[in-house]
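Asker: A predicted structure for the sequence below; I have some questions about it.
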Amino acid sequence: MRRALGVMAGVLTTTTALAGAPMSVGSAGAAGGSHFTGAPITIAFISSTTGLAAPLFQEAPQGFLARVALQNAQGGVNGHKLVPLVINDQTSPSLDATGVQLAISRGAIGIVADSSLFFGGYKYAQQAGVPVTGSSLDGPEWGEQPNTNMFASDTGSVDPKYPANTAIGAFLKAHGGTTIGTYGIGISPSSIQSAIGTGISFTHAGGKVGVLDTSVPYGSVDFTAAALTARSKNVNAVFTGMGNNQNFALATAFKQAGVKLKAVVFPTGYEADVIHTPAWQELQGMYFSAEFRPTVLPDAGTRQLVGALQKYQHRSPANFPTYVVDEAWVGADLMIKGLQLAGRNPSRSAVIKAIRGIKSYNGNGLLPESINFSTIFGHNLPKQCAWYLQARKNGFVPLSTQPECGTYIAGTATAQS
């Protein structure tokens, strides 16, 4: 069970009505750095802290707020205090659009997106010339014209064709998989593409696809029929592009149905509180990929992140940051870098130009590969890399100190026409 986010330290939560629906909005004051010489600069953050996606995203604002607070404690950006505006899209594409419009109306210079539904609102940011940083998990708009205002702080950009990569297939095959079941959420383009791409990757590695299901309902946790189908197809390897609740429900259903699994990879779920849930017993031996450097392998970037979360969000180092907290942190970090480079009195267009000129960005070591934003738009990074950890009795154990990487498979595309 995830910890409820509630009212965070220094955050006043209010409710306002927009487009006929409630929109949860939070704002926060500066931490430290009391002397500022310039006008305040508002940065908006959009995520899904309630609704079906809340189990995955409800802690995401912590990463954003901690990074902003750290910057304000250091004097802000070129003398300007940063004012964070936290917006909850309630796991609704239409309310995500409303949230983007709200951010623009509040004068936000930029938006940090950490939502699987940002595809609902990105057009408004593009039309208003607002720079956007954050997670590219929601769709191809991060690499499609005319959205050159968007900067994926995790992957740099995306190839809208979504070619398959060798990495996941090679990993599952190397760990004993021969027949894969791969699953994606029907409403999410990126979830569908990850499921399809994993099947291609696994076939490329010498395995075969037993089940490819790209129509899983968002939020559904009934996988009884899926487990029986997987057993009939002799599935022994699994990859899912879903959130924790669905991933763990699928794992439980498979074990109850007697599906003999050799290798399972979840792209989310590397979280401290998972260890203390009933699902932990069912997850033993399964693998979790980490797109950001795990704190169990500390460096300057992880120490800075953990320290700021502890100081400004009262998050214990033992409660290491989740995937979405990492995403929110680097999204804010990249936006701040753009502001720093945009001059004493930055404009939205100046921030866009500044970020597009960044030729080497790795989130202070949190990312496995550096990003050249001057050339990346519309493309993937040459390598796709992740750290892998295994669930064992007392916690998550990294398989290596170095990330495992793969390359893109020529001639493949997983994007739906």
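Answerer: Everything's here; your move.
Asker: If we ignore the residues flanking it in sequence, what's nearest residue 352?
Answerer: Spatially, and ignoring its direct neighbours in sequence, residue 352 is nearest to residue 131 (4.7 Å; C-beta to C-beta, 6 or more residues apart in numbering). Using the backbone N, CA and C atoms, a C-beta is placed for each residue, glycine as well.
Asker: So for residue 268, what pLDDT did the model give?
Answerer: Among the per-residue scores, residue 268 holds a pLDDT of 85.
Asker: which residues of the stretch 101-250 of the chain fall in strands?
Answerer: If DSSP state E, counting those that start in this stretch is used as the criterion, the strands of the stretch 101-250 of the chain fall at 110-114, 132-134, 150-152, 179-185, 208-216, 237-241.
Asker: Against which helices or strands is the second one packed?
Answerer: Read it as strand 132-134. Packing contacts for strand 132-134, counted by 3 or more C-beta pairs under 8 Å, 6 or more residues apart in numbering; DSSP states H and E, involve strand 110-114, strand 150-152, helix 323-341.
Asker: quick one: which of those is nearest residue 396?
Answerer: helix 323-341 (12.6 Å; C-beta to C-beta).
Asker: buried sites along that closest one?
Answerer: By 16 or more other C-beta atoms under 10 Å, the buried positions in helix 323-341 come out as 323-339, 341.
Asker: how about it as PDB, C-alpha atoms only?
Answerer: C-alpha atoms of helix 323-341 as PDB (Å, rounded to 0.1, in the frame of the first residue of the first chain):
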ATOM      1  CA  TYR A 323      10.100   5.900 -10.500                       C
ATOM      2  CA  VAL A 324       7.600   8.800 -10.600                       C
ATOM      3  CA  VAL A 325       9.400  10.700  -7.900                       C
ATOM      4  CA  ASP A 326      12.600  10.400 -10.000                       C
ATOM      5  CA  GLU A 327      10.700  11.500 -13.100                       C
ATOM      6  CA  ALA A 328       9.300  14.600 -11.300                       C
ATOM      7  CA  TRP A 329      12.800  15.500  -9.900                       C
ATOM      8  CA  VAL A 330      14.600  15.300 -13.300                       C
ATOM      9  CA  GLY A 331      11.700  17.100 -15.000                       C
ATOM     10  CA  ALA A 332      12.000  20.000 -12.500                       C
ATOM     11  CA  ASP A 333      15.800  19.800 -12.800                       C
ATOM     12  CA  LEU A 334      15.800  20.200 -16.500                       C
ATOM     13  CA  MET A 335      13.300  23.100 -16.400                       C
ATOM     14  CA  ILE A 336      15.500  24.800 -13.800                       C
ATOM     15  CA  LYS A 337      18.600  24.300 -16.100                       C
ATOM     16  CA  GLY A 338      16.600  25.900 -18.900                       C
ATOM     17  CA  LEU A 339      15.700  28.900 -16.700                       C
ATOM     18  CA  GLN A 340      19.300  29.300 -15.600                       C
ATOM     19  CA  LEU A 341      20.500  29.500 -19.200                       C
END
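Asker: quick one, it and strand 110-114 angle?
Answerer: When axes from the mean of the first three to the mean of the last three C-alpha atoms, to 10 degrees is applied, the directions of helix 323-341 and strand 110-114 differ by 160 degrees.
Asker: Check which element follows helix 323-341 along the chain.
Answerer: helix 348-356 (DSSP states H and E).
Asker: Using CSV, list the CA coordinates for stretch 373-381.
Answerer: Backbone C-alpha positions of stretch 373-381 (Å, rounded to 0.1, in the frame of the first residue of the first chain) are rendered in CSV as follows:
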residue,chain,number,x,y,z
PHE,A,373,18.8,18.0,-26.7
SER,A,374,20.2,19.8,-29.8
THR,A,375,19.9,16.7,-31.9
ILE,A,376,17.5,14.3,-30.1
PHE,A,377,14.1,15.6,-31.1
GLY,A,378,12.1,12.9,-33.0
HIS,A,379,14.7,10.2,-32.2
ASN,A,380,15.5,7.7,-29.5
LEU,A,381,18.8,7.6,-27.7
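Asker: ok, residues contacting it?
Answerer: Outside of stretch 373-381, the residues within contact range by C-beta atoms under 8 Å, 6 or more residues apart in numbering are 143-145, 148, 151, 155-160, 163, 355-359, 361, 369, 371, 408.
Asker: hmm, which of those are the buried ones?
Answerer: Taking 16+ other C-beta under 10 Å as the criterion, what is buried in the contacts of stretch 373-381 is 143-144, 151, 155-160, 163, 355-356, 358, 361, 371, 408.
Asker: Okay, and which of these map to helices?
Answerer: 355, 356 (DSSP state H).
Asker: if we can go back for a sec, what's the closest of the strands of the stretch 101-250 of the chain to residue 68?
Answerer: With C-beta to C-beta as the measure, strand 110-114 is the member of the strands of the stretch 101-250 of the chain nearest residue 68 (9.3 Å).
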